[in-house]
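Student: based on what follows, work out the 3D shape:
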Amino acid sequence: QVQLVESGGGLAQAGGSLRLSCAASGRTFSVYDMGWFRQAPGKKRELVSATNWSGLSTYYTDSVKGRFTISRDNTKNTVYLQMNSLKPEDTAVYYCAARPRKSFNDLATSDFAYWGQGTQVTVSS
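Tutor: The predicted model follows:
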C-alpha cells in the first residue's frame, strides 16, 4: 500500500505557472504508475497526465499537451506536475493517484487504487 500527499496548489493568474508535487510513502514507489487527475465543480474527474513506473512513458490529455509536464523522481518517491500557460479552465481540485505497474496502453481510472487528498488550483482571468 502507498500513501500520497499532494502540495503546490494555489492561486495563479492566467498565463502563469504552478508546480504540483505528490510525495509517496509506504511500499516501494517504483512499483507504481502515477497519474494526476482533476475535478472541477459539476464535472467528472478526468485524467490529466500519467507516467509509468520508470518515467519513460507519459500521457497527457489533449487540453494540456504542450503546457503541462509530468515527471517523477524515484529516489525521492515524488511525482511532479509542472503546469505552465495556465488557463481559467484548468481550475479544479488536482489529485495524485497510483496504480500497480501494468500496460501503459490502458489508463483506466478504476486501476488507480491509491489517491491523495487533493490540492486546489485556481486560475484567475
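Student: which of the helices or strands spans the spatially most central residue of the chain?
Tutor: Nearest to the mean C-alpha position of the chain, by C-alpha atoms, centre = their mean, lies Trp36 at 1.9 Å. Here Trp36 sits within strand 32-39, counting by DSSP states H and E.
Student: all strands for the chain, in order.
Tutor: 2-7, 10-13, 18-26, 32-39, 46-51, 58-60, 68-73, 78-83, 92-100, 114-115, 119-124 (DSSP state E).
Student: name whatever forms a beta bridge with the residue nearest to the centre of the chain.
Tutor: Beta-bridge pairing for Trp36 (DSSP bridges): Ser49, Cys96.
Student: do you know the pLDDT at it?
Tutor: Note for Trp36: predicted pLDDT of 98.
Student: check the one 4 residues further on too.
Tutor: As summarised for this prediction, Ala40 has a pLDDT of 97.
Student: excluding residues flanking it in the chain, which one is nearest it?
Tutor: For Ala40, ignoring the flanking residues on the chain, the nearest one in space by C-beta to C-beta, 6 or more residues apart in numbering is Ala92 at 4.2 Å. For every residue, glycine as well, the C-beta is placed using N, CA and C.
Student: now do Ser85
Tutor: Closest residue to Ser85 in three dimensions, ignoring its sequence neighbours and counting by C-beta to C-beta, 6+ apart: Arg67, at 4.6 Å.
Student: am I right that the one you found is in contact with Asn84?
Tutor: Yes - counting by C-beta atoms under 8 Å, Arg67 touches Asn84, with 5.3 Å between them.
Student: if I pick Phe68, what's in contact with it?
Tutor: Phe68 sits next to Val48, Ser49, Tyr60, Leu81, Gln82, Met83, Asn84 when contact means C-beta atoms under 8 Å, 6 or more residues apart in numbering.
Student: buried subset of those?
Tutor: Among the contacts of Phe68, those classed as buried by neighbour count (16 or more other C-beta atoms under 10 Å) are Val48, Ser49, Tyr60, Leu81, Met83.
Student: wait, isn't the last one in contact with Ser63?
Tutor: Read that as Met83. No - the pair formed by Met83 and Ser63 falls short of the contact definition of C-beta under 8 Å, at 11.8 Å.
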